[in-house]
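Enquirer: Coordinates for the following, if possible.
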Amino acid sequence: MTHIKRFIDKIAVTEAKQGRDIVLPLSDARALRDEITKLLIDTQEDLLSKQGNNVVAVEIRGERW
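Expert: Prediction:
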């Protein structure tokens with residue numbers, strides 16, 4: 001998450017200076033992309049694993065039909 005934090009810090013500094021543009025070296029942009037992609041994949045896997053483990057309990061009573 002270091003690249004995401006650096007990007008956020010860079011945005012904060014640019015906003016403080018009332019700048020309009022942020023320039024990233026290609027290596028930083030790739031690292032940021034990779035970090036975001038990994039986070040998205042991890043989040044998706046967590047959601048899928050939680051959905052697959054849901055247990056539904058149904059209780060039916062047959063009193064007085």
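Enquirer: switch to C-alpha atoms for all contacts and neighbour counts from now on
Expert: Will do.
Enquirer: Around Pro25, count how many other residues there are.
Expert: By other CA atoms under 10 Å, 7 other residues sit near Pro25.
Enquirer: I'd like the distance between Glu63 and Ala57.
Expert: Distance from Glu63 to Ala57, counting by CA to CA, to the nearest Å: 19 Å.
Enquirer: what packs against the least confident helix or strand in the chain by mean pLDDT?
Expert: The weakest-scoring helix or strand in the chain, judged by mean pLDDT, DSSP states H and E, is helix 26-52 (a mean of 91). Contacts defined by 3 or more CA pairs under 8 Å, 6 or more residues apart in numbering; DSSP states H and E place helix 26-52 against helix 2-16.
Enquirer: How far off centre is the helix it packs on?
Expert: Centroid separation for helix 2-16 versus its chain: 17 Å, with CA atoms, centre = their mean, to the nearest Å.
Enquirer: and what of stretch 19-28?
Expert: 22 Å.
Enquirer: Just the endpoints, please. Distance across it?
Expert: 20 Å.
Enquirer: got the contact list for that stretch?
Expert: Contact with stretch 19-28 is made by 3, 10-11, 14, as judged by CA atoms under 8 Å, 6 or more residues apart in numbering.
Enquirer: Just the buried ones from those residues, in PyMOL syntax?
Expert: Only the buried entries of the contacts of stretch 19-28 go into this PyMOL selection, using 16 or more other CA atoms under 10 Å:
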select buried, resi 3+11
